[in-house]
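Visitor: below are the sequence and a predicted model for it; my questions follow.
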Amino acid sequence: MIYCYKKVLLTFIFMVNCCIFYAQIFADFETPETTPLVKNGNAQVVDNPFQDDINPSSKVLRYEKADGNWHYVAMIFPDTMNFGNSTKMTFKVHSSTQGRVYYKFWNGSSVVIESWAHNYSNMPQPNQWVELEMDVSAAMGMPYTRLEIAAGVDNNSPAIIYLDDFKFSSPLAEEGYPVIEYTIDPILVYTESIVTFDASGSFDWNGLELTYNWDLGDGNTLSTSENIITHQYASPGFYKITLVLTNTEGKSASESTNLFVFNYGKLFSGLTFTNSVSEAHAKVEGVFQFTKTYSNPYDPSIVKVDAEIIPPGGESYFMPAFYYIKSAPDEAGRWVNDPNFQCWKVRFTPQKEGTYQVIIHLEDEDGQFT
């Protein structure tokens with residue numbers, strides 16, 4: 001198959017994740033509702049003996065750390081709790097000795113999340129209230145029934161430890177924008193087949209009602225309060241899908257991805273250029289996909305894809321294609337793969353003006369395809 005390069009508008013893929021600040025105290029020992037059952041180390045709720053500007057609370061949790069290391073106090077919640085949309089936890093500690101602090105959330109007999117507070121190197125100063133914070137974004141939406149705290153870790157001396165003001169929050173939520181998360185099923189789409197767009201993972205930090213505005217890339221748009229929709233594509237091609245999510249305060253977030261649609265029985269999607277080039281020495285990028293999948297598309301012994309570039313009036317040359325997986329930072333700033341879009345890409349730089357031909361060559365265990 002031979003494809004001639006033509007001008008195409010640049011396709012931008014982006015994601016906006018902003019939100020309203022959200023905070024929830026789940027244990028401050030001031031009321032029965034915020035006082036879980038406590039166990040180990042003669043744990044009990046007492047008057048705060050060290051009231052100050054950092055912790056002026058009336059009630060706190062006290063427990064006795066025995067000689068040795070890794071002595072936990074447990075807080076058991078009568079009902080199953082949930083992290084919800086929280087990305088951060090804070091609490092206050094006052095210890096008579098210096099040592100590290102470790103936390104562990106359980107759901108029944110399974111650990112949900114555990115780590116150091118703030119981190120392994122942090123050892124709060126003794127005999128003063130210190131507020132600690134930790135990233136719990138990995139547990140968003142998960143249930144929990146018990147929280148264990150080990151203070152004075154790596155210090156074998158006994159200690160009297162006070163804890164207070166356990167709070168979840170979402171500090172990324174300052175602007176009040178909803179958060180988009182959606183999946184496309186199946187990823188391999190054929191003409192006239194049913195495609196499901198599932199945005200049920202999207203949310204608003206304050207629980208406001210949301211409107212889902214879909215642009216399905218083929219001229220069809222839909223505005224709905226439903227978070228799951230289906231669609232059929234009449235023609236093969238490369239489509240840009242955009243979801244704009246708007247809450248009742250009028251604040252919106254937008255996310256786009258791309259989708260290949262194939263004719264039944266066809267191996268190759270066709271080549272689409274994602275940028276417009278009007279001069280020599282500017283980068284050209286083309287994207288394409290095959291209906292075949294590979295255990296490791298980065299291993300040339302499994303699959304090898306090259307683009308043969310034929311310049312105007314010149315000799316052809318080859319550029320290796322590469323496999324691309326879209327990724328973006330999550331709420332904690334970690335880069336994660338987007339399951340909705342993967343493709344092959346080829347890039348080259350025209351050395352002079354004119355019409356270029358691009359031929360895609362595929363080689364795998366089944367032979368060669370051009």
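Guide: Looks like it arrived, so ask away.
Visitor: who are the packing partners of the strand ranked longest in the chain?
Guide: Longest strand in the chain, counting residues (DSSP state E): strand 335-348. With contacts taken as 3 or more CB pairs under 8 Å, 6 or more residues apart in numbering; DSSP states H and E, strand 335-348 sits against strand 183-185, strand 252-262, strand 284-288, strand 303-310, strand 317-320, strand 322-329. To be clear about C-beta, it is placed using only N, CA and C from the backbone, and glycine gets the same treatment.
Visitor: the same query, at a cut-off of 6 Å, please.
Guide: strand 252-262, strand 284-288, strand 303-310, strand 322-329 (3 or more CB pairs under 6 Å, 6 or more residues apart in numbering; DSSP states H and E).
Visitor: so how many other residues sit close to Glu192?
Guide: 12 (other CB atoms under 10 Å).
Visitor: now do it against Ser235, distance only.
Guide: 10 Å (CB to CB, to the nearest Å).
Visitor: give the residue farthest from the middle of this protein.
Guide: Going by CA atoms, centre = their mean, the residue of the chain most distant from its centre is Gly313, 47.9 Å out.
Visitor: against Thr355, how distant is that one?
Guide: 10 Å.
Visitor: the helix or strand of the chain with the lowest mean pLDDT: what's the following helix or strand?
Guide: Lowest on mean pLDDT, DSSP states H and E among the helices and strands of the chain sits strand 2-4, with a mean of 38. Counting by DSSP states H and E, the next helix or strand C-terminal to strand 2-4 is strand 23-27.
Visitor: specify the local secondary structure of Phe105.
Guide: strand (DSSP: H, G, I helix; E, B strand; the rest coil).
Visitor: surely it meets Ser115?
Guide: No - using CB atoms under 6 Å as the test, Phe105 is too far from Ser115 to be in contact (9.8 Å).
Visitor: between the two, which one's more packed in?
Guide: Phe105 (22 against 15).
Visitor: contacts only, for the more buried one.
Guide: 112-113, 144, 147 (CB atoms under 6 Å, 6 or more residues apart in numbering).
Visitor: show me those that map onto strands.
Guide: Short answer: the contacts of Phe105 in strands (DSSP E) are 112-113, 144, 147.
Visitor: any idea which of these has the most stuff around it?
Guide: Leu147 (24 neighbours).
Visitor: that residue against Ile76, yeah?
Guide: No - applying CB under 6 Å as the test, Leu147 and Ile76 come out as separate, 8.4 Å apart.
Visitor: thinking again about what came up before, what's the angle from the longest strand of the chain to strand 322-329?
Guide: Interaxial angle, strand 335-348 versus strand 322-329 (axes from the mean of the first three to the mean of the last three CA atoms, to 10 degrees): 140 degrees.
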